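Student: The sequence and its predicted three-dimensional model are supplied below.
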Amino acid sequence: MKSDLDPRVIRTRKLIMKAFNKLSTQKEINAITVKDITKEAAVNRATFYYHFKDKMDLIDTILAEDLKVHVINRLNAYQIITKEAIEDVFVSLLHFQRDIVTRYQKNNPFCLSSIEETVKFELTQQFYQRFAESYPYFSEQRLKLSATMVSWALYGAVEDLKNDPAVSSKELVETIASIIIKGMNANHRE
């Protein structure tokens, strides 16, 4: 069995993802079949299923990789969670969300729940790791809860901003970052 680090495996996965992205600009996602994807990528069905469980797994993988490139890598640039880190992640998440909506505009109802689930899950995982490093004296429960709250707050704020463009993104992110940092540092010893 080939390793996930094998260049051929990486190349084939990217080929399948690129084929899906191209097809998603031409027709609605729910109308795209695995057959369409394999034909566009010039691979067989078995190859597709070697890499992905189904079309939704492919979509989730694409979203997770895009999120990593555009948002998570920004968070990883910070050793500890600061107000600036929160602001940077928020702005990156805002740009990511706008890019995804533009890319999948006509498919938004189909992808909306998958996008939200993927973003919240990936952000929660990353914030959990960073909080575990920054606050080693927090209990496991507090680390998980803090990571979930921060991730969902950032995602919710981006959604609110998307739905109400009159809101100042600068003011919103400064308020959120301030609340998060103060909350994390309040009663820092259990």
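Tutor: That came through fine. Residues are numbered from 1 along each chain as shown.
Student: contacts and neighbour counts: CA atoms only from here.
Tutor: Noted.
Student: Now stretch 44-61: buried residues?
Tutor: Buried residues in stretch 44-61, defined by neighbour count with 16 or more other C-alpha atoms under 10 Å: 48, 51, 52, 55, 58, 59, 60, 61.
Student: My guess is residue 128 contacts residue 144. True?
Tutor: Yes - using C-alpha atoms under 8 Å, residue 128 is in contact with residue 144, at 6.1 Å.
Student: More neighbours: which of the two?
Tutor: residue 128 (22 against 18; other C-alpha atoms under 10 Å).
Student: Next one: the more buried one from residue 45, what distance?
Tutor: 37 Å (C-alpha to C-alpha, to the nearest Å).
Student: same thing with residue 100?
Tutor: Where residue 45 is concerned, residue 100 sits at a distance of 27 Å (C-alpha to C-alpha).
Student: cool, residue 53 as well?
Tutor: 11 Å.
Student: Just give me the neighbour total for the closest residue to residue 161 other than its chain neighbours.
Tutor: Counting by C-alpha to C-alpha, 6 or more residues apart in numbering, residue 161 lies nearest to residue 167, which is 6.3 Å off, once chain neighbours are set aside. Counted with other C-alpha under 10 Å, residues neighbouring residue 167 total 12.
Student: Which of the three states applies to residue 167?
Tutor: The three-state label given to residue 167 by DSSP: H, G, I helix; E, B strand; the rest coil is coil.
Student: just checking, it touches residue 157?
Tutor: No - applying C-alpha under 8 Å as the test, residue 167 and residue 157 come out as separate, 10.3 Å apart.
Student: Lowest-confidence one in the buried residues of stretch 44-61?
Tutor: For those, the weakest pLDDT value sits at residue 60, with 85.
Student: so what's that one up against?
Tutor: Counting by C-alpha atoms under 8 Å, 6 or more residues apart in numbering, residue 60 touches 114, 115, 118.
Student: And for residue 51?
Tutor: residue 13.
Student: and this protein, what are its domains?
Tutor: Using automatic domain parsing, the domain ranges for the chain come out as 7-51, 55-185.
Student: and whichever strand or helix holds residue 129, how far from the chain's centre?
Tutor: Residue 129 belongs to helix 108-134 when assigned by DSSP states H and E. Centroid displacement of helix 108-134 relative to its chain, using C-alpha atoms, centre = their mean, to the nearest Å, is 5 Å.
Student: list the helices and strands it packs on?
Tutor: If you count contacts as 3 or more C-alpha pairs under 8 Å, 6 or more residues apart in numbering; DSSP states H and E, helix 108-134 packs onto helix 55-67, helix 140-163.
Student: could you redo those as JSON lines and give each row distance to residue 81?
Tutor: JSON lines is the format used below for the helices and strands packed on helix 108-134 (distance: least, C-alpha to C-alpha, whole Å):
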{"stretch": "helix 55-67", "distance to residue 81": "18"}
{"stretch": "helix 140-163", "distance to residue 81": "11"}
